[in-house]
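# Here is a sequence together with a model predicted from it:
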Protein chains: 2
Amino acid sequence: MPQDSSHRPTDVRMKGFVRRWTVQDCMDWIEQQMPTPQQETISLADAAGRALAVDISSQTDVPHFTRAMMDGFAVVATDTSGATTYNSLTLNVVGESLPGNPFDGEVSSGSAIRIMTGAPMPVGADAVLPVEHTVIHESTIQIHGEVAPGRHVGLPGEDIQAGTIVLQRNRRLRPQDLGLLSSIGVQELQVLQRPRVRLIITGNELLPPGSNPTQFSITDANSPMLTALVQRDGGVVIHPGIIPDNPASILDALNTEAEIIVVSGGSSVGQEDHAPRLLAEHGSLDIHGVAMRPSSPSGMGTLGKKLVFLLPGNPVSCLCAYDFFAGPAIRTLAGKSSQWPYPSVSLPLSRKLVSTVGRTDYARVSIQNDLVVPIAISGASVLSSTTRADGFVIIPEDLEGYARDSEVTVYLYE
Amino acid sequence: MPQDSSHRPTDVRMKGFVRRWTVQDCMDWIEQQMPTPQQETISLADAAGRALAVDISSQTDVPHFTRAMMDGFAVVATDTSGATTYNSLTLNVVGESLPGNPFDGEVSSGSAIRIMTGAPMPVGADAVLPVEHTVIHESTIQIHGEVAPGRHVGLPGEDIQAGTIVLQRNRRLRPQDLGLLSSIGVQELQVLQRPRVRLIITGNELLPPGSNPTQFSITDANSPMLTALVQRDGGVVIHPGIIPDNPASILDALNTEAEIIVVSGGSSVGQEDHAPRLLAEHGSLDIHGVAMRPSSPSGMGTLGKKLVFLLPGNPVSCLCAYDFFAGPAIRTLAGKSSQWPYPSVSLPLSRKLVSTVGRTDYARVSIQNDLVVPIAISGASVLSSTTRADGFVIIPEDLEGYARDSEVTVYLYE
């Protein structure tokens, strides 16, 4: 780090990193630095995929009344004793019970009411006689079979008993969880807040996303990409991205209220790389320079309670460093798994995949005829290498690469 | 189907299904009936996860100018001929080129300009001399190595050539795809429309989602669950759900403008089951009654161009029938895979899992110590069986079940 900004630019830029941290150092740092996730109350309708901040127990039995579990007739079970095909008995049908529209009288010996699955059992009846054991007449039924007391009757609390914990803290809510919560009368619930992520995209050469590239300017690819990545990981992007590439603007942006700051561009050791210096001065630049390819000019640190990730401006490096470092932090805060958010497959390599011991490699590959084919690229800067790729292979730092035909794990982009 | 609504309810209800279709019949029907997905134009910022309706080709080279691929000095390559550590040559440094801030002069023999990675190459220079081959003085450099013409220079179109198709029709857009599209100046794009899904939740016993269950009413679990499922699958829910359980209201709802109608409740053959009858009268009820457990009282048909799915009101059956039938249709229209939207694992069964030949079973299971443990349940109606479960196993109709220790595929809820 330069102590004096009057140093000649070239002196500074060309120094390079004093040391390089390993990817594992970075992972360990992230784990140690993770702040406690914030909580918020949201409505049930918005809760799909969110992580519960508290255990939820039911205040009620589900169901909360005794009901029929089959279509048929609610009867006094002892009335059916001895009924067979050859010795049918007769009961008077005195009413019916439908779901939400119960029979409001009482069933006494000798009578029955027609009942549908899910309908409340009437007072006095203690079993449901299935319809196939009956012959139906105008206002009576002939019964051809017996039922035991309690048969085809669902009791309160059979699904959920009042007082039971139905879903535990940290549970990521599934569609059926919302159904369950609804059925026990939950309208609002306490979940982990989505981490607020401030994007800071710098680079004097950048035009706003979707602009036609002109002259010597290029169009920003990173803010649309990072926004989609952050959303995928459960974060909320609180700024579209590009800001002027000067220390005052960057410092102002670093001071945004947020849980996570993601800086893209100016992450290396040059005079024009303001963010690492500002972070070192106003907060703590704990890691700068990582033994990986691409993305070696990555850094991370803290500013107050915020985690700050410095990602290279190059789009491929930016994607790679985001997925290695910022992504797991954001997912953890959002209550998601910190693991790679990609499905994986294990397949043999079509040819050798070369790396260097001491460096973690992120190699884009395609899958052709069930073989993993490394994508030949002229430079790390080629964003189309990640759109042509089906996924990537990680070559850990203790390997020189993988031989042809080795089975490797491919994480599939999606 | 009753032809005459004056029939005694019991006669009708108790008839049961005339025949049952297989799950495969249903799949085949869905595939045949799938309407052509609609298209719409959306902005790049909203495009993550959406499916492209057209091929996209680049109107521009990326990059669109010649640039440095390394930090160093832009030079005339022939000026470096013969330079070594023992025979250094000297060049005048006459300016610099930064990304977005190019050198506006020309480089002639004997001079060099400082250049950063990504910065435009100045006119006259044809190579970048890496900084490690130089010693820097006030306004000159001593050079200690040679570079060949074109070395460390990136040419226009190296990432993407103008006219190339960069992303193909039906591609589900990934974060990096948004970056790429941005970089070629795409601000709006043509994607498949999210299918509009009208929910029709019926049942006189139902209270609105999240209500405290009272008396003999129960709280609707299906609309929050179905809403989350439809959103997961890329559809847009255009009605919150519950409507009065009478033919006029249901017919009115069936006539909603939408691509897909999902009816939950009243899907069987009873007098109170209005939707199948209405669909048969006003459209086409093609399938009614499926050889599966749960969810046998499911149906499907068409009304105009709409696909109509009749799902049982019981929440577990509703989830199962949604995932088997409505889900694949919605995902296909949204340009997603029609496959199960759950990760799967293959593990041995802790005990026998019994089914019946001729019927497809959807068995909820948990995973304990790497064994698949069927969840013992008293009834299909127990929604908590799907929240306690880690996933489900499908037992196809040609099997009687799986023996203990069989390896089975578990689809993991998430």
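Arrived safely.
# Now do the end-to-end distance for stretch A:202-217.
The first and last residues of stretch A:202-217 sit 13 Å apart, counting by CA to CA, to the nearest Å.
# One more: stretch A:329-341?
By CA to CA, the extent of stretch A:329-341 from end to end equals 12 Å.
# cool, stretch A:61-72 as well?
For stretch A:61-72, the first-to-last residue distance is 25 Å (CA to CA).
# Over to stretch A:365-372?
Start-to-end span of stretch A:365-372 (CA to CA) is 6 Å.
# rounded to a whole number, what's the mean pLDDT of it?
In this model, stretch A:365-372 has an average pLDDT of 97.
# Helices along chain A, start to end?
Assigned helices in chain A, in chain order: A:9-13, A:23-33, A:175-183, A:222-232, A:247-254, A:274-282, A:315-321, A:327-333, A:384-388 (criterion: DSSP state H).
# export those to JSON lines and tack on distance to chain B?
(Glycine included, C-beta is placed from N, CA and C.) Compiled in JSON lines, those are given as follows (distance: least, CB to the nearest CB, whole Å):
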{"stretch": "helix A:9-13", "distance to chain B": "5"}
{"stretch": "helix A:23-33", "distance to chain B": "20"}
{"stretch": "helix A:175-183", "distance to chain B": "3"}
{"stretch": "helix A:222-232", "distance to chain B": "3"}
{"stretch": "helix A:247-254", "distance to chain B": "15"}
{"stretch": "helix A:274-282", "distance to chain B": "13"}
{"stretch": "helix A:315-321", "distance to chain B": "5"}
{"stretch": "helix A:327-333", "distance to chain B": "10"}
{"stretch": "helix A:384-388", "distance to chain B": "4"}
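# Tell me which of those lies nearest to B:V372.
Nearest of the helices of chain A to B:V372, taken as CB to CB: helix A:175-183 at 18.9 Å.
# residue ranges of the strands in the stretch 201-350 of chain A, please?
Along the stretch 201-350 of chain A, the stretches classed as strands by DSSP state E, counting those that start in this stretch are A:206-207, A:218-219, A:236-237, A:260-264, A:284-288, A:292-293, A:299-303, A:306-311, A:344-348.
# of the helices of chain A, which approaches B:G72 most closely?
Across these, B:G72 has its closest neighbour in helix A:9-13 (10.0 Å, CB to CB).
# any idea of the mean pLDDT for that closest one?
Helix A:9-13 shows a mean pLDDT of 37.
# Which residue is it, in the stretch 51-200 of chain A, that comes closest to chain B?
Closest approach between the stretch 51-200 of chain A and chain B, counting by CB to the nearest CB: A:G100, at 2.9 Å.
# residues contacting that residue?
Taking CB atoms under 8 Å, 6 or more residues apart in numbering or on different chains, we find A:G100 in contact with B:203-206, B:216-217.
# Contacting chain A as well, which ones from those?
Subset of those in contact with chain A: B:203-206, B:216-217, counting by CB under 8 Å from any CB of the partner chain.
# from the residues you listed, which is closest to chain A?
B:E205 (2.9 Å).
# That closest one - nearest residue in space that isn't next to it in sequence?
Leaving out its chain neighbours, the residue that sits closest to B:E205 by CB to CB, 6 or more residues apart in numbering or on different chains is A:G100, at 2.9 Å.
# Could you list the low-confidence segments of the stretch 301-414 of chain A?
Along the stretch 301-414 of chain A, the parts satisfying pLDDT under 70 run over A:377-381.
# Which positions in it make contact with chain B?
A:313-315, A:319, A:343, A:378-379, A:381-384, A:386-387, A:413-414.
# Out of those residues, which end up buried?
A:313-315, A:319, A:381-384, A:386-387, A:413 (16 or more other CB atoms under 10 Å in any protein chain shown).
# what residue lies at the spatial centre of chain A?
In chain A, the centroid-proximal residue (CA atoms, centre = their mean) is A:K336; its distance is 4.8 Å.
# Pull the contacting residues for the residue nearest to it when sequence neighbours are not counted.
Excluding the flanking residues, the one nearest A:K336 by CB to CB, 6+ apart is A:G234, at 5.3 Å. Shown in contact with A:G234 (CB under 8 Å, 6+ apart): A:49, A:194-195, A:330-331, A:333-336.
# which stretches of chain A have low pLDDT?
Checking chain A against pLDDT under 70 turns up A:1-15, A:377-381.
# Would you map out the domains in it?
A:9-38+A:194-333, A:54-62+A:158-192, A:67-154, A:344-412 (automatic domain parsing).
# May I see the buried residues of stretch A:343-350?
A:347, A:349-350.
# Burial check on A:V135, number of neighbours?
Counted with other CB atoms under 10 Å in any protein chain shown, residues neighbouring A:V135 total 12.
# Bridged to the residue nearest to it when sequence neighbours are not counted, which residues?
Nearest non-adjacent residue to A:V135, counting by CB to CB, 6+ apart: A:Q142, 4.3 Å away. A:Q142 has the following beta-bridge partners by DSSP bridges: A:T90, A:V135.
# what's around A:Q142, how many residues?
Neighbour tally, A:Q142, other CB under 10 Å: 15.
# got it, and A:T36?
Neighbour count for A:T36, taken as other CB under 10 Å: 8.
# For the stretch 151-300 of chain A, which residue gets nearest to chain B?
Ranking the residues of the stretch 151-300 of chain A by distance to chain B (CB to the nearest CB) places A:E205 first, at 2.9 Å.
# What distance do you get for that residue to A:T214?
11 Å (CB to CB, to the nearest Å).
# Name the residues contacting each of the two.
Counting by CB under 8 Å, 6+ apart, A:E205 and A:T214 have no shared contacts at all.
# Those two: who's more crowded?
A:E205 (23 against 12).
# Provide a list of residues in contact with the nearest residue to A:L311 once chain neighbours are set aside.
Nearest residue to A:L311, sequence neighbours excluded (CB to CB, 6+ apart): A:A321, at 4.3 Å. Contacts of A:A321 were listed using CB under 8 Å, 6+ apart, and they are A:290, A:295, A:298, A:309, A:311-312.
# Highest neighbour count among those residues?
Tallying neighbours with other CB under 10 Å puts A:L311 at the head of the contacts of A:A321, with 31 neighbours.
# give me the beta-bridge partners of A:I201?
Beta-bridge partners for A:I201, by DSSP bridges, are A:I242, A:S264.
# Just give me the neighbour total for it.
The number of residues packed near A:I201 is 27, by other CB under 10 Å.
# wait, doesn't it sit right on A:S264?
Yes - using CB atoms under 8 Å, A:I201 is in contact with A:S264, at 5.0 Å.
# who touches both of the two?
Here A:I201 and A:S264 share the contacting residues A:222-223, A:226, A:241, A:313, scored by CB under 8 Å, 6+ apart.
# now, among those, which is nearest to B:E31?
Using CB to CB, the shared contacts of A:I201 and A:S264 come closest to B:E31 at A:L226, 38.2 Å.
# how about the residues of the stretch 1-150 of chain A near chain B?
When proximity is defined by CB under 8 Å from any CB, the stretch 1-150 of chain A lies next to chain B at A:8-11, A:13-14, A:44-45, A:48-49, A:59-60, A:62-65, A:69, A:71, A:98-102, A:114, A:116, A:118-120, A:131-132, A:136.
# Just the buried subset of these, written out for ChimeraX, thanks.
Burial among these is assessed by 16+ other CB under 10 Å; the matching ChimeraX selection reads:
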select /A:9,10,13,14,44,45,48,49,60,62,63,64,65,69,71,98,99,100,101,102,114,116,118,119,120,131,136
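# A:S346 bridge partners, please.
Going by DSSP bridges, A:S346 is paired in beta bridges with A:T409.
# how far away is it from chain B?
13 Å (CB to the nearest CB, to the nearest Å).
# contacting residues for that residue?
By CB under 8 Å, 6+ apart, the contact list for A:S346 reads A:407-410.
# Tell me the one among the buried residues of stretch A:343-350 nearest to chain B.
Closest to chain B, out of all of the buried residues of stretch A:343-350 and judged by CB to the nearest CB, is A:L347, at 17.0 Å.
# Tell me how many other residues crowd the closest residue to the closest one other than its chain neighbours.
Excluding its sequence neighbours, the residue lying closest to A:L347 (CB to CB, 6+ apart) is A:V372, at 5.0 Å. If you count neighbours by other CB under 10 Å, A:V372 ends up with 26.
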